[in-house]
Structure formats: structure tokens, C-alpha cells
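1. Here is a sequence with its predicted model. Questions after.
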Amino acid sequence: MTFIRAYLRASTKEQDAGRAREDLEAFCRERGLVIAATYEENESGASLDRPELFRLLRDSKPGDILLTEQVDRLSRLSDKDWDQLKREIKDREVKVVALDLPTSHMMLKTEDAFTGRMFDAINGMLLDMLAAIARKDYDDRRRRQAQGIAKAKAEGKMKGRPEDLERNEAILSMLRRGQSWSSILRVSGCSRSTLAKIAKRASTQSTQDQCEA
């Protein structure tokens, strides 16, 4: 029997790692499937130090499904760490299905061996691409945040506590996915004024990116 194991991750303890649970459950209900086990943790996607993810893999049997909301919930890893995680997944013969990767949804269906291998190859290539994009997005935002902090310090504007980069990165991601402000405030624990500043920063960056394109 194939088990579907849901993996839920958020970057900081102030965020709700279980936020996507309903989306994953709805995805399975629409296909007549049931999530057998859920693994939830608050750890950075840029780190391999994720106990619940590796507990999921240890619990898995060949053919089991690792179901996650987005590829970036699974990986914002460097190339070296992503290769290590992929080897672990491959060695345990676990299939990765992400809601934001439609080709991976085919892994839920029973196919003949040839078709299964074809979908596995295509899915693996697209997983690599999305994982690379997620890492680049992570690196770019860290670089821009560091540049902003350095500029503020140089101009004598840096006051108060250092910026929570991990939290603000997660807030930016939620804004880009179109989540409501009320839900972001609830899961992140930040103030409305902080959220407004991050939203303004994201809007400004988006305009700059469009001009540079």
C-alpha cells in the first residue's frame, strides 16, 4: 500500500508551519486519497538540519509519496545539499509531489513501468529547476536585505533590533502568493506597520525588476 506523507515547513517558530494543511488535504480529497501521516517543523529551507523531513524519509517505504505545498517548502538548499537530499529521496524510492508542480501529480497514479519512468525523469528535471529558482530567490533576497542594512548603517539610519531576515523572507513569499494581510499577521506575529514596510519594499523591488527586464 502506498502511503501519502505530508511535509509542512515554516522558516521561524513565529510562523504557522501547518498553514498549508487544509490545501494538502483538499488536494487529496479531490483525488479520493488520504494523508496517512503529517510531518511539521519550523526550520529554514536553506538548511539540511530538518529532523521532521528526515524522520519522514526514515518512515517511508519504497513508492510512498512525499506531499508538500511548494518545492521551496522542501528545498532552498545549495546545489551540494540539494544533491544530498535528492540521493536520500532516491535511495528510499520516495516520490515527491508538490502542489505547485503539476507534472508531479501524475506520480499519484498507477502507470505501466515505462510511463512511470518517463514521468519520473520529467518530474526530476522540473524539481531541479524549481529548487534552483527557490535557492536563487533566497540568495537574491538575502543579498538585497544585506545591502539595505549596510546602506542604512552607512547613513546612520539603522536603529533598534536587527531585521529578522528569515521571518521577512517568509512574509515576502506569502505576499507574492497573494495571502491576505490578516492571515500573514496571524501566522508571522509581526505588526501591521512592519508588514506595510515589507509590502512597500516588495512593490518597489517588483517595479525595479520590471524596469530592468
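-> Nice, I can see it. Since the model is a prediction, treat every value here as computed from it, not as a measurement. Numbering: from 1, shown residues only.

2. sec struct for Leu66, please.
-> Following DSSP: H, G, I helix; E, B strand; the rest coil, the label given to Leu66 is strand.

3. From Gln145, how far out is the nearest residue to Ala20 once chain neighbours are set aside?
-> Using CB to CB, 6 or more residues apart in numbering and skipping residues adjacent in sequence, the residue nearest Ala20 is Glu69, 3.9 Å away. The way it works is simple: take the backbone N, C-alpha and C, and place the C-beta from them, glycine included. In this view, Glu69 and Gln145 are 24 Å apart by CB to CB, to the nearest Å.

4. picking up where we left off before, touching, the residue nearest to Ala20 and Leu101? I think so.
-> No. Counting by CB atoms under 8 Å, Glu69 does not reach Leu101; the two are 10.5 Å apart.

5. higher neighbour count, these two?
-> The neighbour comparison of Glu69 against Leu101 (other CB atoms under 10 Å) goes to Glu69, with 21 against 18.

6. show me where pLDDT drops low in this protein?
-> Regions of the chain meeting the criterion pLDDT under 70 cover residues 1, 13-14, 110-116, 118-119, 157-163, 205-213.

7. Could I get the full set of helices for it?
-> 21-29, 51-59, 71-74, 79-91, 113-154, 165-176, 181-188, 192-212 (DSSP state H).

8. Give me the helices and strands touching the fifth one, please.
-> Counting by 3 or more CB pairs under 8 Å, 6 or more residues apart in numbering; DSSP states H and E, the packing neighbours recorded for helix 113-154 are helix 71-74, helix 79-91, strand 95-98, helix 165-176.

9. No more questions from me, cheers.
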